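> Quick one, what's the 3D model for this:
(4 chains)
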There are 2 protein chains.
Amino acid sequence: MQRASEPASAGGADAFAADLLRGHTDTIVLGVLRARDRYGFEIYKAIRDATGGDYEIKEATLYAAYRRLVKDGLVEAYWGDESQGGRRKYYRITDAGRAVYRRNVDAWVVTRSTIDSLLDLKGSR
Amino acid sequence: MQRASEPASAGGADAFAADLLRGHTDTIVLGVLRARDRYGFEIYKAIRDATGGDYEIKEATLYAAYRRLVKDGLVEAYWGDESQGGRRKYYRITDAGRAVYRRNVDAWVVTRSTIDSLLDLKGSR
DNA sequence: TCTAGTAGTTGATCAGATACAGTACCTGTC
DNA sequence: GACAGGTACTGTATCTGATCAACTACTAGA
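Sure, this is the predicted structure:
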């Protein structure tokens, strides 16, 4: 993000990607894991590809999120079959994780309409 | 926010308010100022009331945002008529501010659909 | 007088996101 | 066989927005 570096001229333009999704990372990861277990890099690629490359959650951000989710008991990690070479750490969503996911999706819906209405505050758009 | 403090049990439930709007504060303030100049506390109340009290951007957060916006030339500040006692610092959106606002609203629309699609990634909701 | 609300401000701290760097393995190519 | 590039995972340092917890100052009302 470069928000403050090019204030009036560029400011906030492509500042897009970064902070705007802040706080949603965990929920997004949980969402990806709902269907089936995946390994870290696979989740990264899934998110990157799902947005057509417009948007990318950085690897470091995701691995930090995995650690957080494991610590909080929302996902479990296990090493995959390493016989074919490269190691892969898989993640599995827990029941607690599914519950949090559902609540966070609800929260997102509220947040979304909150921002929508705030940006339309006093009309004149 | 208490995201990490009550992980599996409450975790992320009412974590709602805080981080989920992170990065949108500046845009929200600019949005409030589009229609007319307002003073700091008035903006705070407008945001608080507009969400029916569900959601509140803390005063400290807003005053930090004002400083940032002034520094970046997106709003201008001036002291109001102090003859009736309490001092009030008013904020006026600049042309640069309006431009950034429009771009940020566009970015929000993209962000919104990005999150929507990520939370629906691989269906099965 | 005391309380509460309005109004503005600051300093310390927290936590998520990122940059950057590094390790390790595998595959394809010259 | 060396090397580039992609896959896969990790750690550390830093940035920044948000919040907490104060604080000053004025006004109105119980």
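> shaky segments in chain A?
With pLDDT under 70 as the threshold, chain A has low-confidence stretches at A:1-19, A:53, A:82-86, A:121-125.
> ok, which stretches of it are strands?
Secondary structure of chain A (DSSP state E): strands located at A:38-39, A:75-79, A:89-93.
> Tell me which of those strands sits nearest to chain B.
Closest to chain B of those is strand A:38-39 (C-beta to the nearest C-beta; 9.8 Å). (Glycine included, C-beta is placed from N, CA and C.)
> and the lengthiest helix in chain A, is it in reach of chain B?
Here the longest helix in chain A is taken by residue count, with DSSP state H as the criterion, and it is helix A:95-119. Yes - using C-beta under 8 Å from any C-beta of the partner chain, helix A:95-119 comes into contact with chain B via A:96, A:100, A:103-105, A:107-108, A:110-112, A:114-119.
> of those, buried ones?
Neighbour counting by 16 or more other C-beta atoms under 10 Å in any protein chain shown classes A:96, A:100, A:103-105, A:107-108, A:111-112, A:114-115, A:118-119 among these as buried.
> Just give the closest residue to the residue nearest the centre of chain A, not the sequence neighbours.
In chain A, the C-alpha nearest the mean C-alpha coordinate belongs to residue A:25, at 2.4 Å (C-alpha atoms, centre = their mean). In space, not counting the residues next to it along the chain, residue A:25 is nearest to residue A:65; the distance is 4.9 Å by C-beta to C-beta, 6 or more residues apart in numbering or on different chains.
> mind listing what the residue lying closest to residue A:112 once chain neighbours are set aside touches?
Beyond its immediate neighbours in the sequence, the residue positioned closest to residue A:112 (C-beta to C-beta, 6+ apart) is residue B:112, lying 6.0 Å away. With contacts defined as C-beta atoms under 8 Å, 6 or more residues apart in numbering or on different chains, residue B:112 is in contact with A:112, A:115, A:116.
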